[in-house]
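Trainee: Model the following, please.
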Amino acid sequence: MSLEKLLGRKAKHDVLNSIGLLLVPARVTIDEGYIRLLDQHHIHASEILLLDESPQDFVDPAALVKQAASYSKELFEQARTTKKLPVDQINNELLPLVAQVSSHPDVFQLFESVKAKDEYTHQHNIGVGVLSTLIGKWMKLSEQELSILTMAATLHDIGKILISDKILLKPGKLTADEFEEIKRHTEYGYDILREVEGISPRVALVALQHHERLDARGYPNRLGAQEIDPLSRIVAVADVFHAMSSKRPYHDPLPFHKVVMEMRNGAFGELDPEVVSVFLKMMIRNLLGSKVKLTDGRWGEVVYINPHDDTNPLIRVEDVFLDLSQERHIHIQEIVI
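Mentor: Below is the predicted model:
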């Protein structure tokens, strides 16, 4: 099949060149520009798996996240009432949904689907589960570690079932005592999960450690870098990213460029720099071809990622090309799905 036959079609997976650079993002319509790019890099049409545009290929990740959040709420309420974690239901009903969402090939559609817009607590559980699983895949964890990570990340806030909703859902600023009670969710979670038979001890450890920081200023135990489990480091990154990207009772989601900036700043002393680097590198790589809204209100498409300044790409706005590395007062506000 000639490359021209790809016009108007969509690749099922990202198309990379021989050194791993993204040429055509998954699920983006292939136009003449992409055809030229593929030709320049000697990519043959036969190498590209096309999206079969039948209903089964379009599983809406937002619908799966909503279903998973509903399960999470139901199972957490059950645990609160019975004082017993329904492990079989979590393994058979909840975690397969989290894994399915994390396999969605369109990274930014996936990110949009896991942003919490209401019911923050339970959407946050699923969002952190999905993002942690995605990071684990990008870091090439073994299947066994990935399975533990998915469970640990999805249950990282289980300790909040022991905290009053009056505190959890308070729209205003927490008092010092209320904040101290919120912080205890890590210890409550550890106490709940370490008593559960048939799950890895690391699941409980992640519940305890996901607010620890490499500079030993986290909580509850102000652990140093070497004392924090690698899975806890991954969940910490997913937790921070999801919290900043979501609407919460006391703040709106941050703009895309501020989230990236805060994540990069956090890699200096607080968050694991390797995890942050892998996460942002893979996320930004998938920006190519995305539709974006800029902070000046204009809409455009990302057409080139500058490897030396990857957070300020080249944007096509109608017939004008805008280099954000030169236009320092303009940033990406949000990715348009």
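Trainee: Where does Leu75 sit, in terms of helix or strand?
Mentor: helix 61-82 (DSSP states H and E).
Trainee: how far away is the residue lying closest to Arg27 once chain neighbours are set aside from Ile335?
Mentor: With Cβ to Cβ, 6 or more residues apart in numbering as the criterion, Arg27 has its nearest non-adjacent residue at 4.6 Å, and that residue is Asp106. C-beta coordinates here come from the backbone N, C-alpha and C atoms, glycine included. From Asp106 over to Ile335 the distance is 11 Å, taken as Cβ to Cβ, to the nearest Å.
Trainee: ok so, going back, got the contact list for the helix holding Leu75?
Mentor: 85-86, 89-90, 93-94, 97-98, 100-101, 104, 109-110, 112-114, 119, 122-123, 125-127, 129-130, 154, 158, 161-162, 192 (Cβ atoms under 8 Å, 6 or more residues apart in numbering).
Trainee: Buried subset of these as a PyMOL selection?
Mentor: The buried subset of those, as determined by 16 or more other Cβ atoms under 10 Å, is captured in PyMOL by this line:
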select buried, resi 85+86+90+93+94+97+98+101+104+109+110+112+113+114+122+123+125+126+127+129+130+154+158+161+162+192
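Trainee: quick one, helices of the stretch 101-250 of the chain?
Mentor: Chain-ordered helices for the stretch 101-250 of the chain, with DSSP state H, counting those that start in this stretch as the definition, fall at 107-114, 120-138, 143-154, 165-168, 176-183, 185-193, 201-209, 230-245.
Trainee: Mean pLDDT for those - can I get that in a markdown table?
Mentor: A markdown table is the format used below for those (pLDDT from 0 to 100):
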| stretch | mean pLDDT |
| --- | --- |
| helix 107-114 | 81 |
| helix 120-138 | 92 |
| helix 143-154 | 97 |
| helix 165-168 | 91 |
| helix 176-183 | 96 |
| helix 185-193 | 97 |
| helix 201-209 | 98 |
| helix 230-245 | 96 |
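Trainee: Using TSV, lay out these together with distance to Ser325.
Mentor: Formatted as TSV, the entries for these read as follows, by distance: least, Cβ to Cβ, whole Å:
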stretch	distance to Ser325
helix 107-114	21
helix 120-138	25
helix 143-154	34
helix 165-168	42
helix 176-183	40
helix 185-193	40
helix 201-209	38
helix 230-245	23
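Trainee: Out of those helices, which is closest to Asp215?
Mentor: Taking Cβ to Cβ as the criterion, Asp215 comes closest to helix 230-245 out of the helices of the stretch 101-250 of the chain, the separation being 12.3 Å.
Trainee: Touching the closest one from outside, list them.
Mentor: By Cβ under 8 Å, 6+ apart, the surrounding residues in contact with helix 230-245 are 111, 114-116, 124, 127-128, 131-132, 135-136, 139, 145, 148-149, 152-153, 156, 202, 205-206, 208-214, 253-254, 258-259, 262-263, 266, 271-272, 275-276, 279.
Trainee: Write the ChimeraX selection for whichever of the residues you listed are buried.
Mentor: In ChimeraX, selecting the buried portion of the contacts of helix 230-245, with burial taken from 16+ other Cβ under 10 Å, looks like this:
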select :111,114,115,116,124,127,128,131,132,135,136,139,145,148,149,152,153,156,202,205,206,208,209,210,211,212,213,214,253,259,263,266,271,272,275,276,279
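Trainee: Output stretch 316-331 as CSV, nothing but the C-alphas.
Mentor: As requested, the backbone C-alpha atoms of stretch 316-331 are provided in CSV (Å, rounded to 0.1, in the frame of the first residue of the first chain):
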residue,chain,number,x,y,z
ARG,A,316,0.3,26.8,13.9
VAL,A,317,-2.4,29.3,14.4
GLU,A,318,-4.5,29.4,11.2
ASP,A,319,-1.8,30.5,8.6
VAL,A,320,0.7,31.8,11.1
PHE,A,321,3.5,29.9,12.9
LEU,A,322,4.0,30.9,16.5
ASP,A,323,7.3,29.9,18.2
LEU,A,324,6.6,29.9,21.9
SER,A,325,10.3,29.7,22.6
GLN,A,326,10.5,33.3,21.2
GLU,A,327,7.0,34.5,22.4
ARG,A,328,7.7,34.0,26.1
HIS,A,329,4.5,35.8,27.2
ILE,A,330,2.4,33.1,25.5
HIS,A,331,1.9,29.6,26.8
